[in-house]
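Engineer: Quick one, structure for this:
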Amino acid sequence: MKLLLFLLLAAIPVTSSLSTERAFTSLVGGSVSVPCHYDVKYRDHVKYWCKGYQWTYCDILKQTDSPHSANDKISISDDRTGGVFIVTMRRLEKEDAAWYWCAIKLGGTKEADQYFYLHLTVTEGTPSLSVTSNLITGSEGGSASVSCQYARFYTKHVKYWCRGREWATCETLVGTDTPQTGGEKVSVSDDHAKLPRFFTVTVWRLEKKDAGWYWCAVQKAGADERIPLYLTVTDALLEVLDCRGEIEQRMREERYMALIERVGIAMISSAPTAPKARAQKMMAEDDPEAYLVIFEWLAMTALWPREF
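Structural biologist: Predicted coordinates:
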């Protein structure tokens, strides 16, 4: 079956200005994210996601100019600076297993558009190696982690993290057999005592250049088991929007609350909606760490002081 799929993939024509991995696998009820890379000269064009074996007759499921909702089964986002649009499919069913196309509208007929094929497999049960999502996101200066779940028979096998677009030429960055001192750019831990079994990879001190394709992999006889993942690195300020719980928890600590009272920040409402705040001028020398935490919290609530 795998050989047949490979031969079919190799036989389908594609355009050179658009690309992604040729095959993706996910679980029933799970999700999959597909990063579609394109030439930046197409940054202002509409991108779309099409389903069907034949390009000419495939059905367009989502476009970058389509209305978006948080509950959509399919979402599409476009990083026009990085030259990649990402399609995410959620709540997968067996019927979602099919051929799909990343595509870019050029105007005129559909046949003139840029396009690239891929195949999605949706399986039931527990695969020998899997991840919750093959899209990882972190912000500059922060970290990003992914937990790769593996089957019991891989407990004593070496697990590793490889970087590169193509599996055959990817560079191994770290493995569970690699000595680690604690200051590495990339770390890996394997907690095989707990069930389910995971090995976790963390990339620290993120930079924009860290964005790209990676692989969770397990050494075994013959071909190693592996899963492709894509890491995106956002601007540092965007991290604030994703850490509401952590920041609010830290603000409940006594010294932060004392500082809040000193500088005149009052929490008007605590939940379930986002907290609101009013602020007067505050100085970093009051407590540098707490100052930073509160500054992040103010940014998160989008209630920036007007006169600072």
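
Engineer: Quick check: can you list the domain ranges of the protein?
Structural biologist: Annotated domains of the chain cover 2-123, 129-236, 243-301 [automatic domain parsing].

Engineer: Pull the residues that contact stretch 141-157.
Structural biologist: For stretch 141-157, contacts defined as Cβ atoms under 8 Å, 6 or more residues apart in numbering pick out 126-132, 136-138, 159, 192, 196-206, 216, 218-220, 225, 227, 229, 231, 233, 236, 239. (Each C-beta comes from the backbone N, C-alpha and C, glycine too.)

Engineer: Pull out the buried positions in that stretch.
Structural biologist: 142, 144, 146-151, 154, 157 (16 or more other Cβ atoms under 10 Å).

Engineer: which one among these gets closest to residue 44?
Structural biologist: In terms of Cβ to Cβ, no member of the buried residues of stretch 141-157 lies closer to residue 44 than residue 144, at 28.9 Å.

Engineer: in the sheet, who's paired with that closest one?
Structural biologist: residue 203 (DSSP bridges).

Engineer: I'd like to know how many residues surround residue 234.
Structural biologist: Close neighbours of residue 234, defined as other Cβ atoms under 10 Å, add up to 18.

Engineer: Quick one: end-to-end length of stretch 146-162, please.
Structural biologist: End-to-end span of stretch 146-162 (Cα to Cα, to the nearest Å): 13 Å.

Engineer: Ok, stretch 23-42 next?
Structural biologist: 24 Å.

Engineer: how about the strands in the stretch 151-300 of the chain?
Structural biologist: For the stretch 151-300 of the chain, the strands defined by DSSP state E, counting those that start in this stretch occupy 159-163, 171-175, 186-191, 197-203, 212-218, 225-234, 266-267, 277-278.

Engineer: export these to JSON lines and tack on distance to residue 92 and mean pLDDT?
Structural biologist: Shown next, in JSON lines, are the strands of the stretch 151-300 of the chain (distance: least, Cβ to Cβ, whole Å; pLDDT from 0 to 100):
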{"stretch": "strand 159-163", "distance to residue 92": "25", "mean pLDDT": "97"}
{"stretch": "strand 171-175", "distance to residue 92": "29", "mean pLDDT": "96"}
{"stretch": "strand 186-191", "distance to residue 92": "27", "mean pLDDT": "93"}
{"stretch": "strand 197-203", "distance to residue 92": "21", "mean pLDDT": "95"}
{"stretch": "strand 212-218", "distance to residue 92": "19", "mean pLDDT": "94"}
{"stretch": "strand 225-234", "distance to residue 92": "15", "mean pLDDT": "91"}
{"stretch": "strand 266-267", "distance to residue 92": "40", "mean pLDDT": "40"}
{"stretch": "strand 277-278", "distance to residue 92": "40", "mean pLDDT": "39"}
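
Engineer: quick one on the thing from earlier: type out the PyMOL command that picks the buried ones from the contacts of stretch 141-157.
Structural biologist: Applied in PyMOL, the following selects the buried portion of these according to 16+ other Cβ under 10 Å:
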select buried, resi 127+129+130+131+136+137+138+159+192+197+198+199+201+202+203+204+206+216+218+225+227+229+231+233+239
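
Engineer: Next, give me the two most distant ones among the buried residues of stretch 141-157.
Structural biologist: Farthest pair in the buried residues of stretch 141-157, by Cβ to Cβ: 142 and 151, 31.2 Å.

Engineer: so what's residue 235 closest to, chain neighbours aside?
Structural biologist: Nearest residue to residue 235, sequence neighbours excluded (Cβ to Cβ, 6 or more residues apart in numbering): residue 140, at 6.3 Å.

Engineer: residue contacts, the residue nearest to residue 233 when sequence neighbours are not counted?
Structural biologist: Spatial nearest neighbour of residue 233, excluding adjacent residues (Cβ to Cβ, 6+ apart): residue 211 at 4.6 Å. Taking Cβ under 8 Å, 6+ apart as the criterion, residue 211 is in contact with 82, 231-233.
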